[in-house]
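>>> Let me see the structure of the following:
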Amino acid sequence: DFVMQAEDQDYERFCNFKHRTFNSYDCVYFLKSLANIYRHHGGLETVFTRAYQKHQDMFEVLKEWYSVFTSLPAEARVLRHIANVEKGSAAKRVNMFLRWMIRRDSEVDFGIWDSFDQKDLIVPLDTHVCRVAHYLNLTDSETFSLKNARQITVALAEVFPDDPCLGDFALFGLGVNGEI
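Okay, the predicted model is just below:
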């Protein structure tokens, strides 16, 4: 409700907000961007679904999402908090969000969007997944890039063709537990 109904004076409550490098300006920009998406683009699911139906390629989906999310005027500093795959970002948080919303039959994912096929998701690339995937020769580098995330996803699709992100749990678990 807040995102949809907030007016300029409502954002004043965030004037002292700060989390690491994410400050009050960034927070308000994100809220206003979400309001813009819900008011003028039909919501997050619609933005992602339209891009997916149009392109059938997650790189293009992520590009289009970035374009919509950053369509409001912004100080340059806020853009560093928004994954831009055209600049090589692995888009971990966005890919994680998509995994939560799309993957079904999972204890940790919501699976409430049915307009996507989970086999098209890209593995959310974090330090543990990247390190273990490199150790297992699923990728040829430890670089945090979308190219690397896609390479790992392709390798996992050989084992889990209907749900490559299923392998993310195993890679993450091996890495976070220090087994590899």
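>>> Report the central residue of this protein.
Val94 (0.8 Å; CA atoms, centre = their mean).
>>> can you confirm that one is in a helix?
Yes: applying DSSP: H, G, I helix; E, B strand; the rest coil, one finds Val94 inside a helix.
>>> burial measure for the nearest residue to it once chain neighbours are set aside, as a count.
Spatial nearest neighbour of Val94, excluding adjacent residues (CB to CB, 6 or more residues apart in numbering): Ala83 at 5.3 Å. Just so you know, the C-beta spots here come from the backbone N, C-alpha and C atoms, and that holds for glycine as well. When neighbours are counted by other CB atoms under 10 Å, Ala83 registers 19.
>>> for Ala83, what are its contacts?
Ala83 makes contacts with 62, 66, 89-94, as judged by CB atoms under 8 Å, 6 or more residues apart in numbering.
>>> Surely the residue nearest to the centre of the chain and Val61 touch.
No: between Val94 and Val61 there is no contact, the gap being 9.3 Å when judged by CB atoms under 8 Å.
>>> Let me have the contacts of Ala83 in a markdown table, adding distance to Phe17 and pLDDT as columns.
What follows is the contacts of Ala83, written out as a markdown table (distance: CB to CB, whole Å; pLDDT from 0 to 100):
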| residue | distance to Phe17 | pLDDT |
| --- | --- | --- |
| Leu62 | 27 | 96 |
| Tyr66 | 23 | 97 |
| Ser89 | 24 | 92 |
| Ala90 | 26 | 93 |
| Ala91 | 24 | 95 |
| Lys92 | 22 | 95 |
| Arg93 | 18 | 95 |
| Val94 | 22 | 96 |
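>>> Among those, name the buried ones.
62, 66, 89-92, 94 (16 or more other CB atoms under 10 Å).
>>> Thanks a lot, catch you later.
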